[in-house]
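**Student:** pasting the sequence and the predicted model now:
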Amino acid sequence: MLRMLMLSPVALLWLLLLLLAVHPARGQQGSACAEGSRQCQAQDKTSPFYYKCAGGQWSLYTCGNGYTCSSSGGSGAVCVSNSPPPPACVDGQRRCVSTNKNLYYHCSGGAWTLYTCGNGYQCSQTSPLQATCTPTAPQCASGSQRCVGSQSPSLYFACTGGTWNLKSCNTGDRCIDIPDGTVNCQVGGARKSGR
């Protein structure tokens, strides 16, 4: 005898979410895709999961606690804070997203739309109602140096073009930080320049 299974609306919703997780409608894990593209796994802002294309194949990722996947802003998919967007706006206003310096809201038609600044840029609030994307500040000033630390006594970082690069003293030498922002490699009690 066949019995009809009756589910409550909550149980039915959980079953639907489970089916979406197992059989996503688009961007299926393992299927071919365009390198670097991203797609939300479920409807916009309903799930923290998204697909990212790497090596021509989709792989499933998560945005993490407090974030959901959003397909707004024309960038495929981005992780956005679950916190609500800023209050009502006037066309032309822009506000940085406080939880992600790469994102900003732009007011158009009386509504906020989420945008991304792109690689190498971050949102900078220029006034309470205006923001702009500016180049990300370099990690360091070219020419500066600093020792890695006691865990790797012969290694140091040297800054070139705003980026730290790992360097090494000669075998057996020990890196010493100098107050002027450079290092010296100590050899048997004597010092020589780490450059």
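**Tutor:** Everything's here; your move. Numbers count the residues shown, from 1 in each chain.
**Student:** next, count neighbours for residue 135.
**Tutor:** The burial metric for residue 135, expressed as a neighbour count using other Cβ atoms under 10 Å, is 11. The way it works is simple: take the backbone N, C-alpha and C, and place the C-beta from them, glycine included.
**Student:** going forward, begin numbering at 50 instead of 1
**Tutor:** New numbering, starting at 50: the last item is residue 184.
**Student:** where's residue 137 relative to residue 154, distance?
**Tutor:** Note on residue 137: its distance to residue 154, by Cβ to Cβ, to the nearest Å, is 12 Å.
**Student:** who has more neighbours out of the two?
**Tutor:** A direct count of neighbours by other Cβ under 10 Å for residue 137 and residue 154 places residue 154 higher, at 21 against 10.
**Student:** ok, now how distant is the more buried one from residue 81?
**Tutor:** In this structure, residue 154 lies at 34 Å from residue 81, with Cβ to Cβ as the measure.
**Student:** where exactly do the helices run in the chain?
**Tutor:** Taking DSSP state H to define them, one finds helices in the chain at 58-71.
**Student:** pass me the low-pLDDT residue ranges in it, would you?
**Tutor:** 50-80, 93-94, 121-124, 132-135, 187, 200, 237-244 (pLDDT under 70).
**Student:** for residue 192, which residues are in contact?
**Tutor:** If you count contacts by Cβ atoms under 8 Å, 6 or more residues apart in numbering, residue 192 has them with 208, 230, 231.
**Student:** check contacts around the second one.
**Tutor:** With contacts taken as Cβ under 8 Å, 6+ apart, residue 230 has the following neighbours: 190, 192, 193, 194, 195.
**Student:** what's the answer for residue 85, then?
**Tutor:** Residue 85 makes contact with 101, 102, 103, according to Cβ under 8 Å, 6+ apart.
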